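[1] Here is the input, now give the coordinates:
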Amino acid sequence: MEFFAVYSDTTYKIYETREQAMASNPLFVAESFVISNFPTWNDPDRKKYGFKIIDSKGLSYQLNCDGWKIISIIKYFYHKSCTEVKIAAPDGQIRIIDTGHSFELKTVALLLPYINEFRGYHSWIDYDLKQENLKLKKEIEELKAELDTLKNNY
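    The predicted structure follows:
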């Protein structure tokens, strides 16, 4: 078990005990724990990790921004690194999203800027539109590069 003291500037320090982490006056402490074994044939000791998030007084703490709340965090590695975050929208609708962050437990510190990306969104519709917009922009860039390649070949 590790204790990650995360500060408002998204820096973090790892401590051996909860008391040490809380004494450092962080924004929150992420306490890692093993949810279950997640063995594979080539890694029989693989684990699935969860986090308990507490404030510097030891009380339950939710990462939130403009009504969006991170409810739970699970990290594991299967075919790729997974950080599954259960998020509630301001209207209460819940989704589980893979943030794409590394399997390393210390990347829990990245969840503070991640939840801040939801600033200004009113619902999952806003989130979905933003994701579709990003996908289309990437596709446009790829098509432009392909077009440039075709122009250069003629």
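
[2] all strands of this structure, in order?
    3-6, 12-15, 28-37, 47-54, 64-65, 68-77, 81-88, 94-98 (DSSP state E).

[3] right, and these - which one's nearest Val108?
    strand 28-37 (4.4 Å; CB to CB). (C-beta placed from N, C-alpha, C; glycine too.)

[4] May I have the closest one as CSV, with CA atoms only?
    Provided in CSV are the C-alpha atoms of strand 28-37 (Å, rounded to 0.1, in the frame of the first residue of the first chain):
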residue,chain,number,x,y,z
PHE,A,28,-5.8,15.1,-1.2
VAL,A,29,-4.2,11.8,-0.4
ALA,A,30,-4.7,8.8,-2.7
GLU,A,31,-4.4,5.6,-0.8
SER,A,32,-3.8,2.7,-3.1
PHE,A,33,-5.2,-0.8,-2.4
VAL,A,34,-5.4,-4.1,-4.2
ILE,A,35,-9.0,-4.7,-5.5
SER,A,36,-8.2,-8.1,-6.9
ASN,A,37,-5.6,-10.3,-8.5
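
[5] going forward can the numbers begin at 853, since that is how I track them
    New numbering, starting at 853: the last item is strand 880-889.

[6] Which elements pack onto that strand?
    On a contact count with 3 or more CB pairs under 8 Å, 6 or more residues apart in numbering; DSSP states H and E, strand 880-889 meets strand 855-858, helix 870-875, strand 899-906.

[7] Go through these and pick out the most buried.
    Of all the helices and strands packed on strand 880-889, strand 855-858 carries the top mean neighbour count, a mean of 22, counting by mean count of other CB atoms under 10 Å.

[8] Just the residues contacting that one, thanks.
    With contacts defined as CB atoms under 8 Å, 6 or more residues apart in numbering, strand 855-858 is touched by 864-870, 872-874, 876, 878-884, 957-958, 960-961, 964.

[9] Taking these, please make a PyMOL selection of just the buried ones.
    Command for PyMOL that selects the buried part of the contacts of strand 855-858, burial taken from 16 or more other CB atoms under 10 Å:
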select buried, resi 864+867+870+873+874+878+879+880+881+882+883+884+957+958+960+961+964
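
[10] Against Leu981, how distant is the spatially closest residue to Ser860 that is not a sequence neighbour?
    Nearest non-adjacent residue to Ser860, counting by CB to CB, 6 or more residues apart in numbering: Leu879, 4.7 Å away. Noted for Leu879: a distance of 30 Å to Leu981, by CB to CB, to the nearest Å.
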